[in-house]
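[1] below are the sequence and a predicted model; questions follow.
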Amino acid sequence: MDKKTNNGSEGNGKLPKGQLLLILIAVLVTLFSANLMRSYMMSKSQKEISYDAFIRDVDDGQIESVTVRSTQIQLQYKKDSEKYNPVIQYYTIPMNDLQLTDRLYEHGVKMKRELQDTTAMIETIINLIFPIALFAMLMFFMSKRMGGVGKSTAKVYMEKETGVTFADVAGEDEAKESLVELVDFLHNPAKYTKIGAKLPKGALLVGPPGTGKTLLAKAVAGEAKVPFYFLSGSDFMELYVGVGASRVRSLFKQAQQTAPCIIFIDEIDSIGRSRGGYGGSDSEQQQTLNQMLSEMDGMDSSKGLLVLAATNRPEVLDPALLRPGRFDRRVIVDKPDLKGRTEILQVHAKNVSLDETVDLPAIALATSGAVGSDLANMINEAAILAVKNGRNAVCQKDLFEAVEVVLVGKEKKDRVLSREERRIVSYHEVGHALVSALQKDAEPVQKITIVPRTMGALGYVMHVPEEEKYLNSKKEIQAMLVGYLGGRAAEEIVFDSVTTGASNDIEQATKLARAMVTQYGMSEKFGLMGLASQENRYLDGRVVMNCGDATVAEVDKEVMRILDEAYEEAKRLLRENRDVMDQIAEFLIEKETITGKEFMQIFRRCKGIPEPENQLTPAEKLEQETEKEIAKQNAETELAGQNQNEEMQEFPSAQDVNGDVQDVPKSEEEETKHQTNLEED
Ligand SMILES: Nc1ncnc2c1ncn2[C@@H]1O[C@H](COP(=O)(O)OP(=O)(O)OP(=O)(O)O)[C@@H](O)[C@H]1O
Ligand SMILES: [Zn+2]
């Protein structure tokens with residue numbers, strides 16, 4: 001979702017440490033030179049006069065006042081004296097003169113005695129102690145900020161025991177399988193080295209954010225009961241030159257001392273980016289990477305030391321990292337499928353009280369495209385909702401609400417749309433839904449809402465897949481395209497103008513149409529030619545075209561044609577069903593949310609289709625069964641009339657959030673692409 005890999009560490013509000021250091025040095029230099037100047041000037045302005053000259057001046061009545069100190073007598077001449085000078089401080093060395101006081105008194109000279117030479121003392125302090133103190137501070141500061149350069153103990157995050165096991169990681173069976181082997185290496189390295197087998201030094205966990213890569217690495221450590229060292233590639237970004245490399249060195253050194261153990265490097269792409277590749281690798285990154293490479297080469301894996309690294313951008317990694325003896329194993333940690341999602345939900349629901357309405361597989365069906373961290377979030381969010389509503393167990397309705405919260409954000413109650421905006425959003429969403437309902441190959445509509453959400457959606461349509469699909473026919477994909485464009489088509493038909501609200505739809509539709517032409521071999525013009533390969537399946541990576549410029553232009557034309565065709569089809573469908581669209585949109589404007597049932601009722605009424613008798617959605621069936629069961633229970637215990645099931649009624653089966661949301665990890669299209677890919681392999 002919005003868990004984009006954060007490579008930079010800028011913008012944390014604090015002054016960069018380098019700058020602080022510079023400021024400190026500048027202050028020091030200024031103070032120092034100011035001091036030098038001052039004492040220079042002071043030595044200039046002090047002027048000694050002989051004792052007899054002093055006595056003469058006293059007798060002459062030229063002296064205004066004296067300050068007597070142990071080592072000198074400072075003289076202040078009267079303003080009208082010819083010796084008077086504001087910048088010169090006259091003094092004389094005291095003599096053993098017993099009459100001095102009387103003499104001064106006689107001539108009306110003001111007398112002051114200072115026991116200690118305070119100015120001298122202050123001067124010593126300023127000139128000696130203060131700079132020393134500042135220097136000491138500076139040294140202290142520098143040694144602290146270098147974080148142990150030269151010392152072997154840079155701060156490294158370590159867990160003696162992670163306590164995580166493979167049972168905590170749900171789904172991801174293939175990934176777990178290849179990691180189980182590594183656990184055995186760690187357990188008993190001698191068993192392998194005796195035969196002469198070389199143990200693997202590293203494995204690369206590759207997959208989209210939030211799929212449990214960190215969790216898997218911890219599970220390997222937990223299963224092998226070895227310490228777990230953790231380092232995140234992005235931590236290196238804020239460091240000074242040389243610090244990254246030294247951190248890597250000290251990490252490996254520490255790890256080697258506690259072997260067998262696991263070193264886990266998250267976001268390895270931020271240090272392991274291809275040297276001299278695009279993005280401009282800086283020398284600091286290179287140094288760190290080189291250090292890592294040489295540490296791995298020098299590592300003795302027979303001691304049971306294993307380096308795991310995670311990335312969602314394997315294609316940017318330096319090939320040197322992937323060579324034999326380094327991260328030569330690749331473990332794919334992909335987005336979970338329906339079964340995987342069900343299992344992840346079950347793992348996280350283990351410690352949550354659920355009531356009998358809860359149907360986790362239905363939630364899994366509704367969350368195509370969600371990853372482990374999303375699902376974990378949903379369970380937690382549902383638990384919070386249950387507490388908020390004063391219940392002591394989570395029900396299915398909480399879970400469905402949590403799905404929406406995680407995928408499209410919370411309802412934004414304070415965001416009030418104007419009447420005109422509500423009309424436009426309503427028609428837009430009804431356009432999507434109606435087009436889907438009219439095309440037999442599209443999924444039935446489950447819910448439409450125009451309550452704005454925090455993650456940016458003004459409204460959206462939920463679909464219910466009857467089952468999870470891994471392969472889509474050309475017809476289904478075309479229907480999907482028409483569905484994506486239905487919102488914009490409705491706007492054009494009704495308001496004769498279009499808004500920015502459809503930008504995400506258009507992006508999705510274009511991606512899908514392009515994939516039809518270049519990847520699925522679904523265009524007549526280009527046939528089966530594979531024109532592009534997706535650079536990164538794990539993020540919304542760019543697609544690399546494998547053909548010449550002329551062909552690229554042709555592809556663009558073909559994509560445009562497909563989109564135009566789909567748009568025309570959407571408009572045709574909506575024009576022919578204008579009355580249905582108006583009625584549903586009116587209902588939506590008034591109610592803000594319309595359920596699939598209500599939608600179909602209006603739809604059927606307008607189209608003159610009789611209400612089907614016994615055609616229930618799976619969730620409705622479930623609901624009925626649960627009701628029956630409760631009734632039975634009630635009869636058995638002779639308790640009557642408590643329908644604990646009320647809350648669920650609005651929420652039939654599984655749903656698929658599909659709409660104008662920027663960040664929803666999208667589902668059908670991606671799933672289709674991915675599965676099609678698998679098919680090709
Ligand atoms: N397969 C899974 N089974 C159970 N829980 C999971 C699974 N995948 C993710 N989670 C939950 O999501 C949380 C985050 O996952 P984790 O940090 O391991 O993902 P990641 O792939 O390392 O993500 P990133 O790339 O953002 O670091 C986990 O702590 C766990 O609660
Ligand atoms: Zn839309």
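    Okay, I see it. Residues are numbered from 1 along each chain as shown. Ligands and ions are numbered 1, 2, ... in the order given.
[2] contacts and neighbour counts: CA atoms only from here.
    Fine.
[3] residues contacting the residue nearest to Ser232 when sequence neighbours are not counted?
    Excluding the flanking residues, the one nearest Ser232 by Cα to Cα, 6 or more residues apart in numbering is Asp266, at 4.5 Å. Listed by Cα atoms under 8 Å, 6 or more residues apart in numbering, the contact set of Asp266 reads 214, 230-233, 309-311.
[4] closest to ligand 2 out of these?
    Thr311 (32.4 Å; Cα to the ion).
[5] count the residues that sit near the closest one.
    25 (other Cα atoms under 10 Å).
[6] got the phi and psi for it?
    The phi and psi torsions at Thr311 (degrees, to the nearest 10) take the values phi -160, psi 150.
[7] which SS state does the residue in the stretch 51-200 of the chain that ligand 2 sits nearest to fall under?
    Ranked by Cα to the ion, the top residue of the stretch 51-200 of the chain for proximity to ligand 2 is Gly171, at 32.2 Å. Assigned state for Gly171: coil (three-state reduction, DSSP: H, G, I helix; E, B strand; the rest coil).
[8] would you agree it is in contact with Leu338?
    No: assessed by Cα atoms under 8 Å, Gly171 is found out of contact with Leu338, at 9.3 Å.
[9] tell me which residues of stretch 437-454 are tucked away?
    437-439, 442-453 (16 or more other Cα atoms under 10 Å).
[10] ok, now how distant is Ala509 from ligand 2?
    11 Å (Cα to the ion, to the nearest Å).
[11] can you tell me the element that residue falls in?
    helix 503-518 (DSSP states H and E).
[12] how far does that helix sit from the chain's center?
    26 Å (Cα atoms, centre = their mean, to the nearest Å).
[13] buried set for it?
    Buried-residue list, helix 503-518, by 16+ other Cα under 10 Å: 504-506, 508-518.
[14] what do you get for stretch 129-140?
    130-131, 138.
[15] phi, psi for His395 please.
    Wrong residue type there; residue 395 is Cys, not His. Per degrees, to the nearest 10, the backbone of Cys395 is at phi -110, psi 170.
[16] any idea how far it lies from ligand 1?
    For Cys395, the distance to ligand 1 equals 21 Å [Cα to the nearest ligand atom, to the nearest Å].
[17] quick one: the helices in the stretch 151-300 of the chain?
    With DSSP state H, counting those that start in this stretch, the ranges of helices along the stretch 151-300 of the chain come out as 173-187, 189-195, 213-224, 243-257, 269-272, 283-298.
[18] so for ligand 1, which of these sits nearest?
    Ranking those by proximity to ligand 1 (Cα to the nearest ligand atom) places helix 213-224 first, at 3.7 Å.
[19] how would you label Val405: helix, strand or coil?
    Note that with three-state DSSP, the state of Val405 is helix.
[20] and the gap between it and ligand 1?
    16 Å.
[21] and which of the contacts of Asp266 is nearest to Glu181?
    Distance to Glu181 across those (Cα to Cα) is lowest for Ala309, with 16.5 Å.
[22] on the three-state scheme, Val87 is what?
    coil.
[23] touching, it and Ser45? I think so.
    Yes: using Cα under 8 Å, Val87 is in contact with Ser45, at 6.0 Å.
[24] those two: who's more crowded?
    More neighbours surround Ser45 than the other of Val87 and Ser45, with 15 against 11 (other Cα under 10 Å).
[25] how about the backbone phi and psi for the residue nearest to that one when sequence neighbours are not counted?
    Spatial nearest neighbour of Ser45, excluding adjacent residues (Cα to Cα, 6+ apart): Ile88 at 4.4 Å. Main-chain torsions, Ile88, degrees, to the nearest 10: phi -100, psi 130.
[26] do you know the pLDDT at Ile88?
    pLDDT for Ile88: 81.
[27] distance of it from Gln46?
    6 Å (Cα to Cα, to the nearest Å).
[28] could you do Glu492 as well?
    According to Cα to Cα, Glu492 and Gln46 sit 92 Å apart.
[29] look at Cys606 and report its pLDDT.
    Per-residue pLDDT puts Cys606 at 82.
[30] from memory it sits against Arg578, does it?
    No: the criterion here is Cα under 8 Å, and Cys606 misses it with Arg578 at 10.3 Å.
[31] which strand or helix spans Lys47?
    Lys47 belongs to strand 46-48 when assigned by DSSP H and E.
[32] buried set for stretch 300-309?
    Buried residues in stretch 300-309 (16+ other Cα under 10 Å): 301-309.
[33] can you redo these as TSV with pLDDT?
    Converted to TSV, those look like this (pLDDT from 0 to 100):
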residue	pLDDT
Ser301	74
Ser302	77
Lys303	80
Gly304	81
Leu305	85
Leu306	88
Val307	91
Leu308	92
Ala309	92
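[34] quick check, nearest of those to Leu182?
    Using Cα to Cα, the buried residues of stretch 300-309 come closest to Leu182 at Leu306, 8.3 Å.
[35] flag every residue of the stretch 301-450 of the chain that's near ligand 2.
    For the stretch 301-450 of the chain, no residue is in contact with ligand 2 (Cα under 5 Å from the ion).
[36] residue ranges of the strands in the stretch 301-450 of the chain, please?
    305-311, 329-332, 445-449 (DSSP state E, counting those that start in this stretch).
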